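Novice: Fold the stuff below for me.
(one chain, ligands or ions: 1)
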Amino acid sequence: MIQYANQQGLQLDFPKSFTSSRISCHISESRVQAPSDPFSKKYRCIEVSAVEQGTVGLISLNRPDVLNALSEDLMHDLIDALQGLDASQEIGAIVLTGKGKAFAAGADIKELKDKDIVSIFMSPFPSKWNDIMKIKKPIIAAVNGYALGGGCEVALMCDIILAGEKAVFGQPELKLGTIPGMGGTQRLIREVGKSRAMEMILTGSYFLDAQEACQRGLASRVVAGSNADLINEAISVAGKIAKQSRPAVIIAKAAVNSAYETSLQEGLKQEKALFGATFALADRKEGMSAFIEKREPQFVHK
Ligand code: CAA
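Specialist: Below is the predicted model of the structure:
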């Protein structure tokens, strides 16, 4: 067997010759200790449900009184639920949204106010938030209102952002005497360019509305209508993804994300290996056969 692992933690075991009809496309789980079923848990700060005939996991941040401020409890709840959905056989994609008028208005300032440098460096906050990047299944952020500070940074860690008409994206941390700490200084620049990212971060008050976020490529598109319309649209997109071959979706997400981590040449090498890997999937054979036979593919997710 030849082992291939990219920087997002996706591990594929290739047969020495790519002739096997099956590839053992297992995902390295060393970092996740057998996550339990997120639907049977009672979380403190989020709600989790299954939609689209149980193929899509819907997570709602649920601290509307404080605009879904990202407390440590919420962080642990969210990461636990995402890992559980990632491990679920039934779930093919995840939607993340916020209850009330915000997606999330940033890290919980009341919780952070009295911390000192030692407690920040010793605590899992904020670095544990990067665990979102280890989720293999696609995450769609349905941003219904404020996505500020850490809220904007969480959205940036998702794979697709759909913006509701009232979405507002910004990094106001400088106004608090601090800087973005959940990836904003690194990820925002890649989405909106250096000049605009600098203006957003350094002034703390240049916010993007839904239209501008789309024009700049931060969000995929604006969904008109109410919050319910936005969430329904996000679920519909997630449902379309969940109908695809699950291993092919995971491979595609890893391939696209490798563009963030590597040079073009290295990324093209990774794409070539991952493209080859799909030829060991039963689903790849089924997809191409179904096209030729003019029928819908019946993916078995293997
Ligand atoms: N942390 C804690 N509580 C927050 C909060 C946050 N980030 N954002 C809002 N709240 C609370 C408010 O204190 C208020 O609570 P009370 O009713 O108890 O006073 C409640 O949510 C409603 O907020 P507002 O009354 O302020 O609502 P508004 O509509 O007038 O204003 C807002 C909305 C412009 C988003 C404003 O709430 C705001 O500026 N929030 C802070 C945004 C921010 O600075 N985010 C960055 C946080 S730091 C960070 O995220 C660091 C990092 O990268 C790791």
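
Novice: Would you map the helices across the stretch 201-302 of the chain?
Specialist: Secondary structure of the stretch 201-302 of the chain, counting by DSSP state H, counting those that start in this stretch: helices at 210-215, 227-242, 246-261, 264-278, 282-292.

Novice: And those: which comes nearest W129?
Specialist: The closest of those to W129 is helix 246-261. By CB to CB, the value is 16.2 Å. Any C-beta I mention is one placed from the backbone N, CA and C, and that applies to glycine too.

Novice: Name the residues of that closest one that come out as buried.
Specialist: 246-255, 257-258 (16 or more other CB atoms under 10 Å).

Novice: would you turn these into JSON lines with distance to the ligand and pLDDT?
Specialist: JSON lines is the format used below for these (distance: CB to the nearest ligand atom, whole Å; pLDDT from 0 to 100):
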{"residue": "R246", "distance to the ligand": "32", "pLDDT": "97"}
{"residue": "P247", "distance to the ligand": "34", "pLDDT": "97"}
{"residue": "A248", "distance to the ligand": "34", "pLDDT": "98"}
{"residue": "V249", "distance to the ligand": "29", "pLDDT": "98"}
{"residue": "I250", "distance to the ligand": "28", "pLDDT": "98"}
{"residue": "I251", "distance to the ligand": "31", "pLDDT": "97"}
{"residue": "A252", "distance to the ligand": "29", "pLDDT": "98"}
{"residue": "K253", "distance to the ligand": "24", "pLDDT": "98"}
{"residue": "A254", "distance to the ligand": "26", "pLDDT": "96"}
{"residue": "A255", "distance to the ligand": "29", "pLDDT": "97"}
{"residue": "N257", "distance to the ligand": "21", "pLDDT": "94"}
{"residue": "S258", "distance to the ligand": "25", "pLDDT": "93"}
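
Novice: And those residues, which is closest to L174?
Specialist: For the buried residues of helix 246-261, the minimum distance to L174 (CB to CB) is 28.5 Å, reached by N257.

Novice: on that earlier part again, would you convert the buried residues of helix 246-261 into TSV that also reports distance to A93?
Specialist: Listed next are these as TSV, based on distance: CB to CB, whole Å:
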residue	distance to A93
R246	9
P247	14
A248	13
V249	8
I250	11
I251	14
A252	12
K253	10
A254	15
A255	17
N257	15
S258	20
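
Novice: Contact residues of the chain facing the ligand?
Specialist: Residues of the chain lying near the ligand by CB under 6 Å from any ligand atom: 66-67, 69, 105-110, 126, 146, 148-150, 153, 172-173, 176, 180-182, 184.

Novice: of the residues you listed, buried ones?
Specialist: The neighbour-count test (16+ other CB under 10 Å) marks 66-67, 69, 105-108, 126, 146, 148-150, 153, 172-173, 180-182, 184 as buried among the residues of the chain next to the ligand.

Novice: Which of those fall within strands?
Specialist: Among those, the ones falling in strands (DSSP state E) are 146, 148.

Novice: Quick check: chain neighbours aside, which residue is closest to the residue nearest to the spatial centre of the chain?
Specialist: The structure's the chain has its C-alpha centroid closest to C158; by CA atoms, centre = their mean the separation is 2.7 Å. In space, and not counting its chain neighbours, C158 is closest to A141: 3.9 Å by CB to CB, 6 or more residues apart in numbering.

Novice: what about the stretch 1-150 of the chain, any weak spots by pLDDT?
Specialist: 1-34 (pLDDT under 70).

Novice: would you list every one of the helices in the stretch 51-200 of the chain?
Specialist: Counting by DSSP H, counting those that start in this stretch, the stretch 51-200 of the chain has these helices, from start to end: 72-87, 109-112, 117-122, 150-157, 184-192, 194-203.

Novice: CA-only coordinates of the last one in PDB, if you can.
Specialist: By that I understand helix 194-203. Extracted C-alpha coordinates of helix 194-203, given in PDB (Å, rounded to 0.1, in the frame of the first residue of the first chain):
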ATOM      1  CA  LYS A 194      -4.600  42.800   1.200                       C
ATOM      2  CA  SER A 195      -5.700  46.400   0.900                       C
ATOM      3  CA  ARG A 196      -9.400  45.700   1.900                       C
ATOM      4  CA  ALA A 197      -8.400  43.200   4.600                       C
ATOM      5  CA  MET A 198      -6.000  45.800   6.100                       C
ATOM      6  CA  GLU A 199      -8.700  48.400   6.000                       C
ATOM      7  CA  MET A 200     -11.200  46.100   7.700                       C
ATOM      8  CA  ILE A 201      -8.800  45.000  10.400                       C
ATOM      9  CA  LEU A 202      -6.900  48.200  11.000                       C
ATOM     10  CA  THR A 203     -10.000  50.500  11.300                       C
END
